[in-house]
Structure formats: C-alpha cells, structure tokens
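[1] Build me a structure from this.
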Amino acid sequence: MTRSALLYLVARTTFNSVKHRLARLKQPRYLLPTLAGLAYFWFVFGMPGLGRGARAPEVADFAPTIRALAGAGLLFFTVTGWILAPNHATLMMSEAEVMQLCTAPLSRAQIIRYRWLRAQPATLFMALVAGALALKREELNAIFAALGTWLIVNVMFLNGIAAALFAGKLKSLGVRGLSLRIPGIMLALAVAAAFAPNFTPPPSLRQFREIPDWLSHLFNDGLAGAMLWPLRQLAQMPAATDWPGFAMGAGVALAMMLGFDQFATRLNTPFEESALELAQNAGRRLEAFRRGGMSSMKLAQIQTVKPSRLRLAEQGPVWRAMLWKALVGQTRGVSARLIFPLLGLAILFGVIVFSSDRPEIVDVMVISTFSVLTIMLVIAGPQMLRNDLRSELHRLDYLKSLPVRGRDILRGEVYGSALLVGAALVGIVTAAMLLIRTTEGLHAPWRVTIIATSASFLPPVAAMSFAIENGAAVLMPSWVAQAPGSGGVELMGRNMLMAFLRLIMLSLLLAVPGSAAAVLMAAGVLVAPSGLATAMALVFAGGVVGGLLTLLEVEVLLRFFGRRFETLDPSLENM
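    Take a look at the predicted model:
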C-alpha cells in the first residue's frame, strides 16, 4: 500500500510538472527559448532524420582503450563521490517533500527509495537522449545505449546517496572535520595501491601508437584490472552489439544497485533535520538563480560577509558608487575553488608549451586557443557575470526610488562588470604574448604594443557587450529576467537567443570603431619596414581610437536606456 502511494506521488508530481511546462508554452517568453533549445539539440547532436554516420575506423581501432578509459572514469567518479560526500546533502529533497514525507508513517528506507524514484524521470530523459544520439552511428544499438545509460546513471546516483548517508551517519556520531573524509581517502589510497605496480613512464607523443598498449597495461593487468572489471562491464553497455555482452554489464549494474541500496537503507542515518535545512537553503539559492542567474546564486551561498578591500570615496559622482557596488558583488560571486583549478590548467598549458621541441606548432596552438578564449569571453562574459541590473529587476521599485538618474545606475552596473571582463581579456592577450616562442617578426617591442593596444580596445568592447545586455533588461524586463521554473532546454534556448541578439548588435555597433581601428593598424603594418616606431605608434593609435569610439557609443546607449529606465513602471511589466 505504501509503495503504491509513493509511486502515485512520483507519477503525479512528474505529470503535473510536465503539464505545467507545456501549458506555459502559450506565452512567447517560454515558447521561443524552448524552440531554440530543441533546435540546438536537433542540429548539433543529430536527432533522427539527419542521417546515420558511417563507422570511423580510427575510433574502432581504439575501442578497447576507450572502454578502459571509460571504466577508469567511472572509478574516478565513484571514489570522488566518497571523498566529497561530507560536502553534499545527506538526502536532497524539496521543502514540501520533507514536510510531507518525514511526518508521514514511513520508514527511512522508504523515504530513501522514494528519493531514488523521484530521480527516475530525469534519468529516463538522459537515457532517451543517449538512445537518440546512438541513431547516428551504425555500430551502436539505440536500445542498448538507452538502457545502458539508464543503468550507469542509477549506479552513480545510488553510490552518491550511499556515500552521503554514510557521511551523515558519521556526523550523527560526532565525527567532524577531516575525519569525515577518511573513508574516501582510504578508498583512494586503495585504488592508488592497485594501480602502482602497473605504472611505467608514459611514451612520448612521438610514440603515439604505443599509448594504447601503455594504457592497456595500466588499466587491465593485475589487481587494477580486477578492480576495474565491474566498471568496464558498466562502461561497455551503451556500446554493446549483442544481448550477451549487454547482459553481463546489466547484471553487474543491478548487483551494484542492490548493494548500494541495502547499504544505504541499513545505515539508518538520521537525515530529517539536515534535509529540511538543506531544502530551505536550496530554495533560497533557486530563488536567487531565478532572479539573477548563477552569479546571484553564488552570492546567496555566502554565509559570512567580510569587509571589501575596495574602498569607496566619501564624495564623488553617483555612478562611481554604483560601479563600486557592482564590483563588490561580482568579486564576491567568484569562488577561490574556481580560480585554483584554472590556475593549475594555465600552469599545465605553460609547461606543455615550453617543453615542446616544435615551437611553430605550439605557436599556432597558442594563437588559436587564446583567440577562441577571447571571442568566447566577449560573447559569453555577460552570461557568466550577471550581478548587474539583470539581477536587480525584482527590485525595480527600490532602484527607481533612489535619487539617481537612470543613466548613472546603468553606467555603474555596466562599467563595474566590464572592468573585470576587460581585465581578463587583457590577461589572455598578455599570456599569449608571453607563451609565443617565435621571435621572428614579433620582437619584445611589438609584443608590448599588442598588449597596450588590447588594453585600450578590448575593455570598451566588453562594456559594449554589457551595455547591450543591460539595455535589453530595460527594454524587455519580463523577457530577460529568469522566469520561475526555467531550466534545461528552456534556459539553454533563452541564453542562445540572447547571445545571438548580442552578437548581431555587437557586429553592427562595432562596425565604425572596428573599421577606424583596422585602418590605422593596417597603416602601421604597412609602414613597419621603413619605421618601427611609427608603425607601433599607428597600431597603438588604432586601438585607442577604436576604444574611444566604442566608449562614445556606449555612452549614447546608456543615455538612451537610462531615459527608458526612468519611465519604466514595474507594475506593468509582468515580472
């Protein structure tokens, strides 16, 4: 009886959620992003009807290596789940579910299994996507791909629940701090001990054909091979070609799911109070995300507010106070946990560059990589940093009550975000100039000139990008604001449409400044053989002229959008 009631609850919750999402497609603010997101999946991921791809022999040759790497990847996620378990929710549920289920005559084991059932609509959707993607490949079976993906996701999900409940059990027994991570650390050490006898120095890139044999020895021999065998069976299910091969992996998956389920339900971990607290915190973060995106959600996670190192003068223009507010919000939304991995990747990239004996290939890689990063940051920067007017739309009545002109509010919001993105753009160009090893035609004076030119032109371009985004928030506040319940395909489609519109507006508005800058820079390149100083001066002047013209256009936009902001009526905008 209880099991039927829980199944009914999951079924009705899923049905009502889907029904609600379908019903609101009558509104253009939901329909257009959803259509854009579906079109993206259709054309990029290759939905049925786009043709089936031919088998790639080079991929087939490395199939055993790919399966071994996939098994190692599953092992990595399994071990990582236990190491990071103390940071995760003991049992993540909504506040309504906690209040409804934890007061009902249900055992903890039944609530844990309900949580697994509640995740099945999402796992089934992932399985359907995997099956649809398999239709592109002749060597893949869509049924095996869908079922295999469903089983793998469920194994990893139950592994995460078991790890989180075990960490919760330790917390209930009074264990704190680093001691909570001892089980995960011991598991990681056991894995390292299993792989250590198989490790040998890897072959160089010139010995590319020997890499599969090296990986095969590392992952398949000895104790490491025995440890990875179950996970290899899991990893090969989506690519299985017959039922016997699939059945082996399915049997392993079902055995692991049963083991994790029994382990989690027999722990009897007290999770009710922590589940309620986590549900309330998740609700606050979700509300912050709906108002201002990922940046606002990060700000909502801040538990203690420390004094800012950015000082604000007691007197000065009003827009500088708005700029200070934007800078403080943006910097507090950046996590140090994100900075250190990026710094590690940068150091690794530098080691690869300086250790290579093919400087011409490395230079091409550096130029192409950093050019793509620059373009992506200009286009995607406004989506990454949303702590500006877009995150303040729910407080329009408060902003309009301030004795501040609309253009001053917008100027501070735009320039505060643009300063950070502009600094990152200049940092990318500086890093590229330091990593390029070719000295012919690109001596130190030229590199300094390129860095100075980028510093004069790229920050105004970033300001233009943010001005367009904040202007859209003023012109279409109900469209730009994160709609309640937005997510998945709809949110992705919304971001795609805004990025497309921003790209068109940037192209049109930068036509004149870009042309002026290009003319001066081209003149500098042409006169370089006869006068190096004159050439560098012309190139730098091109950046300065282009930057000034761009800033002039930004100021015109801020003045126009500021007047629109002053006439905006929050009660008429259906926020």
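
[2] So which residues make contact with stretch 156-169?
    Stretch 156-169 has contacts (C-beta atoms under 8 Å, 6 or more residues apart in numbering) with 74, 77-78, 81-82, 85-86, 88-91, 112, 115-116, 119, 123, 180, 183-184, 256-257, 260-261, 263-264, 267-271, 274. C-beta: built from backbone N, CA, C; applies to glycine.

[3] pLDDT on that stretch, on average?
    Stretch 156-169 shows a mean pLDDT of 91.

[4] got it, and stretch 43-56?
    pLDDT averaged over stretch 43-56 gives 51.

[5] same deal with stretch 29-36?
    The model assigns stretch 29-36 a mean pLDDT of 78.

[6] contacting residues for Ala36?
    Met492, Gly493, Arg494, Met496, Leu497.

[7] list the contacts for Leu151?
    Leu234, Met237, Gly249, Ala250, Ala253, Leu254, Met257 are the contacts of Leu151 under C-beta under 8 Å, 6+ apart.

[8] out of these, which one sits closest to Val448?
    Leu234 (54.0 Å; C-beta to C-beta).

[9] Which strands and helices lie in contact with the helix or strand harbouring the closest one?
    Counting by DSSP states H and E, the element that carries Leu234 is helix 222-235. On a contact count with 3 or more C-beta pairs under 8 Å, 6 or more residues apart in numbering; DSSP states H and E, helix 222-235 meets helix 63-83, helix 142-172, helix 182-195, helix 211-220, helix 243-267.

[10] most neighbours per residue, which of those helices?
    helix 142-172 (a mean of 21; mean count of other C-beta atoms under 10 Å).

[11] Low-confidence ranges, the stretch 51-200 of the chain, go.
    51-68, 89 (pLDDT under 70).

[12] so Pro86 makes contact with Leu180?
    Yes. Counting by C-beta atoms under 8 Å, Pro86 touches Leu180, with 4.0 Å between them.

[13] Which residues are in contact with each of those two?
    Ala167, Lys171.

[14] Report the contact partners of Met492.
    Counting by C-beta under 8 Å, 6+ apart, the residues that Met492 touches are Pro33, Ala36, Gly37, Tyr40.

[15] since we're on the closest residue to Pro121 other than its chain neighbours, how many residues are nearby?
    Spatially, and ignoring its direct neighbours in sequence, Pro121 is nearest to Thr14 (4.7 Å; C-beta to C-beta, 6 or more residues apart in numbering). A count of nearby residues for Thr14, using other C-beta atoms under 10 Å, gives 16.

[16] The closest residue to Ala163 other than its chain neighbours: what's it in contact with?
    Using C-beta to C-beta, 6+ apart and skipping residues adjacent in sequence, the residue nearest Ala163 is Ala85, 3.8 Å away. By C-beta under 8 Å, 6+ apart, Ala85 lies in contact with Gly160, Ala163, Ala164, Phe166, Ala167, Leu180, Gly184.

[17] try 7 Å
    Ala163, Ala164, Phe166, Ala167, Gly184 (C-beta atoms under 7 Å, 6 or more residues apart in numbering).

[18] Need the mean per-residue confidence for the longest helix seen in the chain.
    In the chain, with assignment by DSSP state H, the single longest helix is helix 532-566. Average pLDDT, helix 532-566: 91.

[19] buried stuff in it?
    535-536, 538-551, 553-554, 557-558, 560-562, 565 (16 or more other C-beta atoms under 10 Å).

[20] Show me what that helix is packed against.
    If you count contacts as 3 or more C-beta pairs under 7 Å, 6 or more residues apart in numbering; DSSP states H and E, helix 532-566 packs onto helix 406-435, helix 444-475, helix 511-526.

[21] what is the orientation angle of it with helix 444-475?
    10 degrees (axes from the mean of the first three to the mean of the last three C-alpha atoms, to 10 degrees).

[22] Could you shift the numbering so residue one becomes 867, and keep it that way?
    Let's use 867 as the start, then, which means that last one is helix 1398-1432.

[23] Pull the number of nearby residues for the nearest residue to Glu1432 once chain neighbours are set aside.
    Spatially, and ignoring its direct neighbours in sequence, Glu1432 is nearest to Gly1272 (4.3 Å; C-beta to C-beta, 6+ apart). As a burial measure, Gly1272 scores 21 neighbours (other C-beta under 10 Å).

[24] thinking Gly1272 is in contact with Arg1425, fair?
    No. In this structure, Gly1272 is not within contact of Arg1425 by C-beta atoms under 7 Å, at 9.0 Å.

[25] re the thing from before, Pro952 and Leu1046: who's more crowded?
    The residue with more neighbours, out of Pro952 and Leu1046, is Pro952; 23 against 18, by other C-beta under 10 Å.

[26] how near is that one to Phe907?
    In this view, Pro952 and Phe907 are 36 Å apart by C-beta to C-beta, to the nearest Å.

[27] Likewise for Asn1064?
    40 Å.

[28] what residues are up against Ile949?
    With C-beta under 7 Å, 6+ apart, Ile949 has these contacts: Arg1047, Gly1050, Ile1051, Ala1054.

[29] now with 8 Å?
    Contacts of Ile949 by C-beta under 8 Å, 6+ apart are Arg1047, Gly1050, Ile1051, Leu1053, Ala1054.

[30] ok, and the closest non-adjacent residue to the third one?
    In other words, Ile1051. Here the residue nearest Ile1051, using C-beta to C-beta, 6+ apart, is Ile949, at 6.6 Å.

[31] May I have the phi/psi pair for Arg1003?
    For Arg1003, the backbone dihedrals (degrees, to the nearest 10) come out as phi -110, psi 130.

[32] For it, name its beta-bridge partners.
    Arg1003 forms beta bridges with Gly919, as assigned by DSSP bridges.

[33] What is the burial count for it?
    Counted with other C-beta under 10 Å, the neighbours of Arg1003 add up to 18.

[34] With Arg1368 instead?
    Close neighbours of Arg1368, defined as other C-beta under 10 Å, add up to 21.

[35] Excluding sequence neighbours, find me the nearest residue to it.
    Ile1334 (5.2 Å).

[36] need the contact list for the one you found.
    Neighbours of Ile1334 in contact, by C-beta under 8 Å, 6+ apart: Pro1248, Leu1367, Arg1368, Met1371, Leu1372, Leu1375, Leu1423.
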